[in-house]
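A.B. asks: build me a model from this:
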Amino acid sequence: MIKNIQKFNNKINYNDFIGSKTLLYGETDTKKTYFTSKFVKFLLEDLNFEPKLITILDFAPPLYFLNNIKIGGKLEDYYKNCNLCNAINLRSEIIPPRLKATNKTELYENLCHNYKLTRKAVQEFEKRPTKVLIVNDISIYLHLGDADYFLEIIDKAETFFGNSYYGFKIKKEFTKLLNKKEIKKVDLLIKNIKNSFFTG
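C.D. replies: The predicted model follows:
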């Protein structure tokens, strides 16, 4: 786990993130997607940024409630004008890998399904990068994807703003190894992205 944590709060000036790389990480239902959508809104409405210069990779599964806790959710759920941006279509729906699995085999099948979708989207951005890259729910890609490669991808954008799950609430007995690998990969991102903020 990361030491010397920077905590994110809504008073932070989004203008400080222009031209830099920013990562929000934390438990589910800590407003990571909400704050990310607010950054897109800031770009479009405050800076009048050209929407097609903003690429959005939305890897989150549809919004889901588990014991009154919000899990997943798309950027458009919080800011409809995200659809004006250059959103790379995943061609199929992301599966909440742990929630929709009842054993290790189903878990792995879900991870493979999600990785095929997210890898193709990441590769599309690599071929045609834009000035701004926004990524919702990075950990979905990192479950099977390479964290070092992802760092190379975000360096292709002048401004990067993304978020990732980093916690322990979403778990089952057979997901312990996945949880450990997920934390390790997100730790690597946190250590290499200067503006990394814990959301709770």
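A.B. asks: residues contacting the residue nearest the centre of the chain?
C.D. replies: Geometric centre of the chain, nearest residue: residue 137, 2.5 Å, by CA atoms, centre = their mean. By CB atoms under 8 Å, 6 or more residues apart in numbering, the contact set of residue 137 is 33, 58, 59, 60, 61, 72, 94, 163, 164, 165. No exception for glycine: its C-beta is placed from N, CA and C like everyone else's.
A.B. asks: return the closest of those residues with respect to residue 195.
C.D. replies: Minimum distance to residue 195 across the contacts of residue 137 is 12.0 Å, recorded for residue 163 (CB to CB).
A.B. asks: my guess is that closest one contacts residue 38, does it?
C.D. replies: No. Applying CB atoms under 8 Å, one finds residue 163 not in contact with residue 38, separated by 11.5 Å.
A.B. asks: have a look at those two and say which one is more surrounded.
C.D. replies: Set residue 163 next to residue 38 and count neighbours by other CB atoms under 10 Å: residue 163 wins out with 30 against 17.
A.B. asks: pull out the buried residues from whichever helix in the chain runs longest.
C.D. replies: Looking across the chain with DSSP state H, the single longest helix is helix 104-127. For helix 104-127, the buried set under the neighbour-count rule, 16 or more other CB atoms under 10 Å, comprises 107, 110, 111, 113, 114, 115, 117, 118, 121, 122, 125.
A.B. asks: what's the helix or strand just after it in contact with?
C.D. replies: Counting by DSSP states H and E, the next helix or strand C-terminal to helix 104-127 is strand 132-136. The contact list for strand 132-136 (CB under 8 Å, 6+ apart) reads 33, 36, 39-40, 43, 49, 53-60, 74-75, 85, 125, 141, 153-154, 156-163.
A.B. asks: now the strands for this structure?
C.D. replies: Ranges of strands in the chain, per DSSP state E, are 21-26, 54-58, 64-66, 69-71, 86-87, 132-136, 159-165, 195-198.
A.B. asks: adding distance to residue 171 and mean pLDDT, write those out as JSON lines.
C.D. replies: Listed next are those as JSON lines, based on distance: least, CB to CB, whole Å; pLDDT from 0 to 100:
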{"stretch": "strand 21-26", "distance to residue 171": "15", "mean pLDDT": "98"}
{"stretch": "strand 54-58", "distance to residue 171": "23", "mean pLDDT": "98"}
{"stretch": "strand 64-66", "distance to residue 171": "11", "mean pLDDT": "74"}
{"stretch": "strand 69-71", "distance to residue 171": "12", "mean pLDDT": "73"}
{"stretch": "strand 86-87", "distance to residue 171": "30", "mean pLDDT": "96"}
{"stretch": "strand 132-136", "distance to residue 171": "21", "mean pLDDT": "98"}
{"stretch": "strand 159-165", "distance to residue 171": "11", "mean pLDDT": "98"}
{"stretch": "strand 195-198", "distance to residue 171": "19", "mean pLDDT": "97"}
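A.B. asks: mind putting those strands into TSV with distance to residue 146?
C.D. replies: Formatted as TSV, the strands of the chain follow (distance: least, CB to CB, whole Å):
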stretch	distance to residue 146
strand 21-26	16
strand 54-58	16
strand 64-66	27
strand 69-71	25
strand 86-87	23
strand 132-136	15
strand 159-165	15
strand 195-198	19
